[in-house]
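Q: Next comes the sequence, and after it the predicted model I'd like to discuss.
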Amino acid sequence: MKTVMLLVLALLSSCTPTIRQSIFPYKNSNIDVVKKGNFGFSEEEERFLAQEAKVFNIEIPDRQEIRRFVNYFLANKQSFENILRRASYYMPIIVPILQKHGLPEELALLPVIESAFNPFAVSRAGAAGLWQFIPSTARRYGLRVDGEIDERFDVIKSTEAAAMYLKDLYQMFKNWELALAAYNCGENCVARRTGGVNFWETQNFLPLETKNFVPAFFAVLLLTRYPEKYGLNINMERISLVVNKVQEETKVEKVLAERNLKGSVFRDFNPHIRGDKIPAGTYIYLPQGQTALKEEKTILLENGAKVIIR
């Protein structure tokens, strides 16, 4: 694996209690912790930004803009730490799907900006889930959205849809700056406002949130690569999720009874299931250690730092 993002992935799926232990395989006593105010990037950070820009084959975003978003996230440090803790539950599921589609692993961190890795997130515009799909785009990419189930909240299915959407956007615009902008505000918005011309030359024609999307994303990459420098202390709560596929329609109460599981716990990990029934073919997510139902087939197991898809 060629990018530093894989160190982040090791962090998010490892058994070690803090980000520092996983991201830093070495000890560095010369790291300066930045508490507030403006600051410059070190040579190591500059190399990292250049490396990530190369991964996406784009220009390095304006460093002042990256700094501005680093400062923003640090001004809301506790919230940012909570976002990364939530990310630790889902990264081992998301990353293999992106790899399967041949996409940069760094894109696994897009939900930091899109939804704060909140699986219950719903925007004022009606976008929902980790990947913030509106209903029309969700249905276009095969997600079921109705009164029984809303697959925008299903981690596996929404990530599959997001991967396909990102690939289509990249094919449409031929570069990642515009593709990422289009993921944020829609392909029609970007095509109409930029004419498909270089993002950096046309970004002022885009909505403010979209204009800021690329530098904000690079700020997230930087902070997750160097958490200790920026005073981030992220103690991970170890939760391993087992993903099962229900082969026949099943009542939620049956799942709860057979697993001796509280309804609130089930709902926390399965916001895509709206009613009292689980339709056939639906994925359910449960803490590791719960007994599997006979009619279910385990299709994905999170095992340490490795995710096995069967």
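A: It's in. Numbers count the residues shown, from 1 in each chain.
Q: contacts, neighbours, all on C-alpha from now
A: OK.
Q: which residues in the stretch 151-300 of the chain form helices?
A: Counting by DSSP state H, counting those that start in this stretch, the segments of the stretch 151-300 of the chain that form helices are 155-173, 176-185, 187-194, 199-202, 208-211, 213-225, 252-259, 263-269.
Q: could I get the third one in PDB with only the CA atoms?
A: What follows is the C-alpha trace of helix 187-194 in PDB, where atoms were taken according to Å, rounded to 0.1, in the frame of the first residue of the first chain:
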ATOM      1  CA  GLU A 187     -22.800  17.000 -11.100                       C
ATOM      2  CA  ASN A 188     -25.300  19.400 -12.600                       C
ATOM      3  CA  CYS A 189     -24.200  22.200 -10.200                       C
ATOM      4  CA  VAL A 190     -20.600  21.800 -11.100                       C
ATOM      5  CA  ALA A 191     -21.100  21.400 -14.800                       C
ATOM      6  CA  ARG A 192     -23.300  24.400 -14.900                       C
ATOM      7  CA  ARG A 193     -21.200  26.700 -12.800                       C
ATOM      8  CA  THR A 194     -17.700  25.700 -14.000                       C
END
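Q: Now that helix: buried residues?
A: Using 16 or more other Cα atoms under 10 Å as the test for burial, helix 187-194 gives 187, 189-190, 193-194.
Q: could you dump these to CSV with distance to Ala108 and pLDDT?
A: Shown next, in CSV, are the buried residues of helix 187-194 (distance: Cα to Cα, whole Å; pLDDT from 0 to 100):
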residue, distance to Ala108, pLDDT
Glu187, 20, 90
Cys189, 23, 90
Val190, 22, 91
Arg193, 27, 88
Thr194, 26, 86
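Q: can you pull the contacts of the residue most central in space within the chain?
A: With distances taken as Cα atoms, centre = their mean, Pro111 lies nearest the centre of the chain, 3.6 Å away. By Cα atoms under 8 Å, 6 or more residues apart in numbering, the contact list for Pro111 reads 117, 130-131.
Q: just the buried members of those?
A: Using 16+ other Cα under 10 Å as the burial test, the contacts of Pro111 include 117, 130-131 as buried.
Q: returning to what we had before: which SSE is the residue nearest to the centre of the chain in?
A: According to DSSP states H and E, Pro111 maps onto helix 110-114.
Q: Just the buried residues of the next helix or strand after that helix, please?
A: Counting by DSSP H and E, the next helix or strand C-terminal to helix 110-114 is helix 135-140. Within helix 135-140, the residues that count as buried by 16+ other Cα under 10 Å are 135, 137-138.
Q: can you redo these as TSV with pLDDT and distance to Val95?
A: Below are those laid out as TSV (pLDDT from 0 to 100; distance: Cα to Cα, whole Å):
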residue	pLDDT	distance to Val95
Pro135	96	24
Thr137	95	22
Ala138	97	20
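Q: List just the nearest of those to Pro92.
A: Nearest to Pro92 among the buried residues of helix 135-140: Ala138, at 22.5 Å, using Cα to Cα.
Q: pretty sure that closest one contacts Asp150?
A: No: taking contacts as Cα atoms under 8 Å, Ala138 lies outside contact range of Asp150: 9.5 Å.
Q: Please enumerate the shared neighbours of the two.
A: Common neighbours of Ala138 and Asp150 are listed as Arg144 (criterion: Cα under 8 Å, 6+ apart).
Q: CA atoms only: put stretch 264-274 into PDB for me.
A: Provided in PDB are the C-alpha atoms of stretch 264-274 (Å, rounded to 0.1, in the frame of the first residue of the first chain):
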ATOM      1  CA  SER A 264     -31.600   0.500  21.500                       C
ATOM      2  CA  VAL A 265     -28.300  -1.200  20.700                       C
ATOM      3  CA  PHE A 266     -29.800  -2.800  17.600                       C
ATOM      4  CA  ARG A 267     -31.300   0.600  16.400                       C
ATOM      5  CA  ASP A 268     -28.000   2.400  17.100                       C
ATOM      6  CA  PHE A 269     -26.100   0.100  14.600                       C
ATOM      7  CA  ASN A 270     -29.000  -0.300  12.100                       C
ATOM      8  CA  PRO A 271     -30.600   3.100  11.400                       C
ATOM      9  CA  HIS A 272     -31.500   1.800   7.900                       C
ATOM     10  CA  ILE A 273     -34.200  -0.500   9.400                       C
ATOM     11  CA  ARG A 274     -37.200   1.700   9.900                       C
END
